[in-house]
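In: next comes the sequence, and after it the predicted model I'd like to discuss.
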Amino acid sequence: MSIIVTVDPAANFAARDAAELATLAAAARGSEGSASWPGRDLEWVRPEWFVRVRDVAGRLVSVAGILVREGTYDGRTVCIGGVGGVKTHPDSRRRGYATEALTHATEFLRSEGAVAFALLVCSSELLSYYGRRGWCGFGGGLLIRNRQETVAFTIAAVMTRPIQEAAPRDGTIDLCGPPW
């Protein structure tokens, strides 16, 4: 038996699924929790789908959230694929599980047809990790909605990835909603 990777609509999750995701998130976050995380006061949007990676024993070891949203890039309306909440259990890191989750998320966004590019936000320590997996640094401005107000997103690095179009490297992206 090998690893199992699924892409499931978030709406189909049962209570057991939510508990399993919460357990993985708590383990990935570690003992310091999120009290010092600068994004704790922002409004975040929930994923529409989850990529779940299970090890050979069937344990949930990695996850990535996906959503698709209309936004703008330099004033032009575009369909943006969001990837967020990528987590791997600390005991299962460095085994390629997150890479599997990211690969399946990208394939899913390509299958959606209308997605111009994908976008994720991450800590600066993860730029090289995502860069080795095809993501590009975005040096422009990212606008989000936070409690009905348009604000600049400045608490994390922004990365993009080509889907149906080239990945933007600069300019202004407006998510026209909360970040993911």
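Out: Nice, I can see it.
In: now do the strand or helix carrying E20: which elements does it pack against?
Out: Assigned by DSSP states H and E, E20 falls within helix 15-29. Helix 15-29 sits against strand 60-73, strand 76-88, with contacts defined as 3 or more Cβ pairs under 8 Å, 6 or more residues apart in numbering; DSSP states H and E. The C-beta positions use only the backbone N, C-alpha and C, and glycine is treated the same way.
In: tell me where the chain has strands.
Out: 4-9, 49-54, 60-73, 76-88, 117-122, 136-137, 141-146, 149-152, 157-162, 172-174 (DSSP state E).
In: format those as JSON lines; extra columns: mean pLDDT, mean neighbour count and distance to T106.
Out: Shown next, in JSON lines, are the strands of the chain (pLDDT from 0 to 100; neighbours: other Cβ atoms under 10 Å; distance: least, Cβ to Cβ, whole Å):
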{"stretch": "strand 4-9", "mean pLDDT": "92", "mean neighbour count": "13", "distance to T106": "11"}
{"stretch": "strand 49-54", "mean pLDDT": "94", "mean neighbour count": "22", "distance to T106": "10"}
{"stretch": "strand 60-73", "mean pLDDT": "96", "mean neighbour count": "21", "distance to T106": "9"}
{"stretch": "strand 76-88", "mean pLDDT": "96", "mean neighbour count": "20", "distance to T106": "8"}
{"stretch": "strand 117-122", "mean pLDDT": "97", "mean neighbour count": "23", "distance to T106": "7"}
{"stretch": "strand 136-137", "mean pLDDT": "97", "mean neighbour count": "16", "distance to T106": "13"}
{"stretch": "strand 141-146", "mean pLDDT": "96", "mean neighbour count": "18", "distance to T106": "20"}
{"stretch": "strand 149-152", "mean pLDDT": "96", "mean neighbour count": "10", "distance to T106": "27"}
{"stretch": "strand 157-162", "mean pLDDT": "97", "mean neighbour count": "20", "distance to T106": "7"}
{"stretch": "strand 172-174", "mean pLDDT": "98", "mean neighbour count": "19", "distance to T106": "18"}
